[in-house]
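Novice: Please find the sequence and the predicted model below.
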Amino acid sequence: MRTLLASVLTALFATPALAAPNQGVSPTEIKVGTYTDLSGVTAMWGVNNSNAYRMVFDEVNKAGGIDGRKIDYIVEDNQYQVPRSVQAENKLLNQDHVFIEVANAGTPMNNATMPIQIKAGVPNVFPLTSARSMYEPFSPYKFALGASYYDQVRSGLKFFVEQRHKKTVCAMAQDTDFGRDVMDGVRDELKALKMSLAAETRHKPTDTDFSAAVAKVREANCDLIVVGGITRDTVQIIAAVRKTGWDVDMMGQAASYDEAVARAPGGTSNGFYSVTPMLAVHADDPDPKVHAFVTKFRQLYGKDPNFAAQVGYTGAQLVTLALQRAGKDLTTEGFIKGMESIKDFHDIFGSPPFSFGPDKHLGSDQSFLCVVRNGAWVPMEKEAISY
């Protein structure tokens with residue numbers, strides 16, 4: 001795997017960027033690209049998220065497009081692997097010649113491909129990760145949707161220590177860029193609270209046996225475990241903890257805020273917490289706009305939209321608005337200005353308002369604490385939490 005990664009990175013970064021100014025735009029077309037997980041360990045995020053983008057873009061095209069241009073949406077499967085992401089990036093930039101990229105999935109994947117993408121002058125918009133590196137350091141070509149994993153974890157940890165009087169904190173996180181972002185938040189907030197981390201474990205995204213890791217954190221007598229996992233590994237961690245009969249609070253972040261976690265078999269995840277930048281709505285929400293979204297998604301894809309689909313729908317609407325505001329003579333600079341012109345955008349799901357500006361490329365910095373009850377996510381606090 002390391003040899004493969006080294007070879008594809010060498011091939012990609014040794015090749016001069018072929019992106020021309022405003023590539024991917026013709027009088028009749030705008031090429032938009034995505035690499036995401038369609039068949040790997042996080043496919044429930046990638047498939048639903050990209051489907052929601054496609055649903056919005058197809059609606060735009062049926063209405064005549066944007067200034068007469070139809071959106072050609074190209075999606076590549078990265079299987080949540082860095083080498084495949086690099087290969088997909090090479091294709092999107094140098095073969096498909098996309099104008100912008102949206103919802104690229106995975107923290108380490110984006111970190112590997114963003115340098116060449118930015119060098120090519122192709123914006124990276126609303127990647128499917130909440131890592132700080134998606135908007136820091138500032139770049140005109142980077143736009144992120146909501147609060148970072150780092151901020152989510154710090155806000156949640158502060159709440160549990162100050163409001164729930166937790167005194168012994170442990171962490172179980174992926175040994176990836178994503179996991180490191182989570183751990184940075186844990187360590188920095190504990191430092192601010194004048195506390196120390198009692199124990200931590202690291203795991204690969206594909207690991208399935210967490211018995212030894214659970215034994216390690218239990219030995220430390222933790223009263224709170226911060227989980228730096230996504231969906232499958234989070235469910236397996238929760239199950240491993242519950243199997244021992246240990247009644248300890250566990251807190252995840254946006255990557256674990258998914259129906260797959262809430263609906264874990266046998267009610268395993270009841271009582272599990274996650275911090276999220278946006279609140280998910282239920283499929284039976286009575287709001288007419290939400291009902292229309294759910295109905296259309298069901299018709300197209302044969303299932304209810306999950307939180308990742310909701311995020312994709314909001315992201316696609318923002319991208320569409322920016323393209324519309326960019327003007328008929330569509331350029332990269334015009335698109336960036338279109339994004340930066342968006343203020344107090346309210347989506348149909350009741351999310352915090354999203355605002356951007358010339359020096360602000362993070363749409364919202366608010367976080368919310370939720371808990372699983374009876375197989376569904378329920379907000380713990382009506383108001384956003386912070387640190």
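Specialist: It's in. Note that the coordinates shown come from a computational prediction; the quantities given were computed from them, not determined experimentally.
Novice: quick one, domains of this protein?
Specialist: 2-147+286-340, 149-276+368-379 (automatic domain parsing).
Novice: Make TSV from those domains and add distance to Gly350, mean neighbour count and mean pLDDT to it.
Specialist: Backbone N, C-alpha and C define where each C-beta goes, glycine included. As requested, the domains of the chain are exported to TSV (distance: least, CB to CB, whole Å; neighbours: other CB atoms under 10 Å; pLDDT from 0 to 100):
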stretch	distance to Gly350	mean neighbour count	mean pLDDT
domain 2-147+286-340	8	20	93
domain 149-276+368-379	11	20	98
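Novice: Does anything pack onto the helix or strand that contains Ala213? Which helices or strands?
Specialist: Ala213 belongs to helix 211-219 when assigned by DSSP states H and E. When contacts are defined as 3 or more CB pairs under 8 Å, 6 or more residues apart in numbering; DSSP states H and E, helix 211-219 packs onto strand 169-174, strand 197-203, helix 232-243.
Novice: Nearest to Ile71 among those would be which one?
Specialist: Ile71 sits nearest to helix 232-243 of all those, at 31.9 Å, using CB to CB.
Novice: what distance separates the next helix or strand after that closest one from the centre of its chain?
Specialist: Of the helices and strands lying after helix 232-243 in sequence (DSSP H and E), the nearest is strand 249-252. Centroid separation for strand 249-252 versus its chain: 19 Å, with CA atoms, centre = their mean, to the nearest Å.
Novice: which other residues reach strand 249-252?
Specialist: Strand 249-252 has contacts (CB atoms under 8 Å, 6 or more residues apart in numbering) with 153, 156-157, 160, 164, 166, 223-229, 234, 237-238, 241, 261, 271-275.
Novice: Please apply the same query to stretch 374-387.
Specialist: 151, 154-159, 189, 192, 257, 259, 262-263, 267, 270, 273-275, 279-280, 282, 352, 366-372.
Novice: ok, Tyr80 touching Ser39?
Specialist: No: using CB atoms under 8 Å, Tyr80 makes no contact with Ser39, being 9.0 Å away.
Novice: Keep only those of the contacts of stretch 374-387 that are in strands.
Specialist: 273-275, 368-372 (DSSP state E).
Novice: Out of those, give me the two with the largest separation.
Specialist: Across those (CB to CB), the longest gap, 14.1 Å, separates Phe368 and Val372.
Novice: Look up how far Gln310 lies from Lys166.
Specialist: 30 Å (CB to CB, to the nearest Å).
Novice: So what would you say the end-to-end distance of stretch 271-291 is?
Specialist: 28 Å (CA to CA, to the nearest Å).
Novice: same question but for stretch 351-360, I mixed them up
Specialist: So stretch 351-360: terminal residues 18 Å apart, CA to CA.
Novice: Which positions in it come out as buried?
Specialist: 351-352, 354, 356 (16 or more other CB atoms under 10 Å).
Novice: Quick check: the gap between Ser148 and Tyr301.
Specialist: 29 Å.
Novice: same question, Tyr313
Specialist: Tyr313 is 12 Å from Tyr301, by CB to CB.
Novice: now swap in Gly334 and tell me
Specialist: 33 Å.
Novice: Now do the strands in the stretch 51-200 of the chain.
Specialist: Using DSSP state E, counting those that start in this stretch, the strands of the stretch 51-200 of the chain run over residues 70-77, 100-102, 124-125, 142-143, 169-174, 197-203.
Novice: Give me the sheet partners of the first one and which way each runs.
Specialist: Counting by DSSP bridges, the strands paired with strand 70-77 are strand 29-36 (parallel).
Novice: Alpha carbons of the strand it pairs with, as CSV, please.
Specialist: The C-alpha atoms that make up strand 29-36 are tabulated as CSV, following Å, rounded to 0.1, in the frame of the first residue of the first chain:
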residue,chain,number,x,y,z
GLU,A,29,-21.6,23.1,-19.5
ILE,A,30,-20.0,23.4,-16.1
LYS,A,31,-18.0,20.4,-15.0
VAL,A,32,-18.2,19.7,-11.2
GLY,A,33,-16.2,16.8,-9.7
THR,A,34,-16.3,14.7,-6.6
TYR,A,35,-14.3,11.8,-5.2
THR,A,36,-16.1,10.0,-2.4
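Novice: what does the strand or helix carrying Gly46 rub up against?
Specialist: Per DSSP H and E: Gly46 is located in helix 43-62. Residues outside helix 43-62 that contact it (CB under 8 Å, 6+ apart) are 32, 34, 36-38, 40, 66, 70-71, 73, 75, 77-78, 80, 102-103, 105, 128, 230-231, 255, 258, 260, 296-297, 300-301, 305-306, 308-313, 315-317, 320.
Novice: now it and strand 29-36, what's the angle there?
Specialist: Between helix 43-62 and strand 29-36, the angle comes out at 170 degrees (axes from the mean of the first three to the mean of the last three CA atoms, to 10 degrees).
Novice: roughly how far is helix 43-62 from the heart of the chain?
Specialist: 15 Å.
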